[in-house]
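1. No letters, just coordinates:
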């Protein structure tokens with residue numbers, strides 16, 4: 001599986017050109033991309049990156065990739081990031097690593113987003129992977145009640161679980177928020193659910209990435225498959 005992720009990352013690297021401003025994703029597949037990009041930088045390629053998490057920032061520094069922020073540059077040429085699920089319309093579920101807010105801000109600031117993954121992440125319908133929803137801890141019960149109403153309106157339902165870290169305590173994002181993982185099974189209309197969740201005051205952001213993925217690079221036993229958004 002790790003070898004497949006690295007293959008996808010290597011294929012995405014072929015799209016990077018000298019002088020590009022890049023969004024650097026978070027997670028195991030994106031980590032491969034940052035490492036391979038570091039090799040290119042050491043060979044003379046000039047790029048600059050905006051990391052989507054503190055973990056990616058640390059990886060980029062270790063690999064020698066020059067970094068900036070969206071306060072210094074407000075527009076990126078390309079973001080390369082992984083996904084937890086990808087559907088045929090290139091709608092995504094992201095946030096399994098807990099970095100969905102920064103990932104979405106960076107993706108939205110980019111001309112294009114290449115999604116890199118092993119082909120197990122390709123699904124007919126989103127939802128088997130629990131949907132991460134980043135929330136403010138204040139008033140959480142009220143926020144979850146509003147989320148349940150949004151789920152019902154979108155024709156889905158399922159258990160909501162507050163994410164815990166490896167230490168057993170509540171997982172806290174880089175932005176200081178909590179994550180509720182919604183086990184919905186099947187999301188028949190992802191754009192509708194995304195819109196309903198976005199207007200809930202206690203929801204900071206959700207893991208449905210609608211219309212942001214431009215290209216998916218999927219690595220499997222049969223090789224690399226490249227899917228463009230229709």
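-> Looks like it arrived, so ask away. It should be emphasised that the depicted structure is a prediction, and the values quoted were computed from it without experimental measurement. Numbers count the residues shown, from 1 in each chain.
2. From here on, just use CA atoms for contacts and neighbour counts.
-> Noted.
3. So what's the gap between the helix or strand hosting residue 5 and the chain middle?
-> Taking DSSP states H and E as the definition, one finds residue 5 inside helix 2-13. In terms of CA atoms, centre = their mean, to the nearest Å, the centre of helix 2-13 is found 16 Å from the chain centre.
4. From the rest of the structure, what touches whichever helix or strand comes after that helix?
-> Per DSSP H and E, helix 2-13 leads on to strand 21-24 as the next helix or strand towards the C-terminus. Taking CA atoms under 8 Å, 6 or more residues apart in numbering as the criterion, the residues outside strand 21-24 that touch it are 30, 34, 47-52, 56, 75-81, 106-107, 110.
5. give me that answer again for 7 Å
-> By CA atoms under 7 Å, 6 or more residues apart in numbering, the list of residues contacting strand 21-24 from outside reads 47-52, 76-81, 106.
6. who wins for neighbours among those?
-> Neighbour counts for these were taken using other CA atoms under 10 Å; the highest belongs to residue 80, with 30 neighbours.
7. which SSE is that residue in?
-> Using DSSP H and E, the element containing residue 80 is strand 76-81.
8. swap in residue 185?
-> When elements are assigned from DSSP H and E, residue 185 belongs to no helix and no strand.
9. ok, it touching residue 123?
-> No - counting by CA atoms under 7 Å, residue 185 stays clear of residue 123, with 11.9 Å between them.
10. tell me, what's touching these two both at once?
-> Common contacts of residue 185 and residue 123, defined by CA under 7 Å, 6+ apart, are absent altogether.
11. returning to that earlier point: ok, of the contacts of strand 21-24, which one's closest to residue 180?
-> Within these, the smallest distance to residue 180 is 19.7 Å, found for residue 52 (CA to CA).
12. how far away is that closest one from residue 219?
-> Residue 52 sits 23 Å away from residue 219 when distances are taken as CA to CA, to the nearest Å.
13. residue contacts, the most centrally placed residue in the chain?
-> The centre of the chain sits closest to residue 94, judged by CA atoms, centre = their mean, with a distance of 4.1 Å. Residue 94 makes contacts with 83, 84, 100, 207, 208, as judged by CA under 7 Å, 6+ apart.
14. Three-state assignment for residue 225, please.
-> With DSSP: H, G, I helix; E, B strand; the rest coil as the basis, residue 225 sits in strand.
15. Enumerate every residue touching it.
-> With CA under 7 Å, 6+ apart as the criterion, the residues that contact residue 225 are 217, 218, 219.
16. how does it look with 10 Å?
-> For residue 225, the contact set (CA atoms under 10 Å, 6 or more residues apart in numbering) comprises 8, 11, 118, 119, 216, 217, 218, 219.
17. For whichever strand or helix holds the last one, buried residues please.
-> Residue 219 belongs to strand 215-220 when assigned by DSSP H and E. Burial within strand 215-220, assessed by neighbour count using 16 or more other CA atoms under 10 Å, is assigned to 215, 216, 217, 218, 219, 220.
18. Quick check: bridge partners of the second one?
-> Each beta-bridge partner of residue 216 is listed here, defined by DSSP bridges: residue 115, residue 227.
19. now it: how far from residue 81?
-> Note on residue 216: its distance to residue 81, by CA to CA, is 10 Å.
20. Give me the neighbour count for the closest residue to residue 97 other than its chain neighbours.
-> Of all residues beyond its chain neighbours, the one nearest residue 97 is residue 27 (6.1 Å), with distances taken as CA to CA, 6 or more residues apart in numbering. Taking other CA under 10 Å as the criterion, the count of residues near residue 27 is 20.
21. All set now, cheers.
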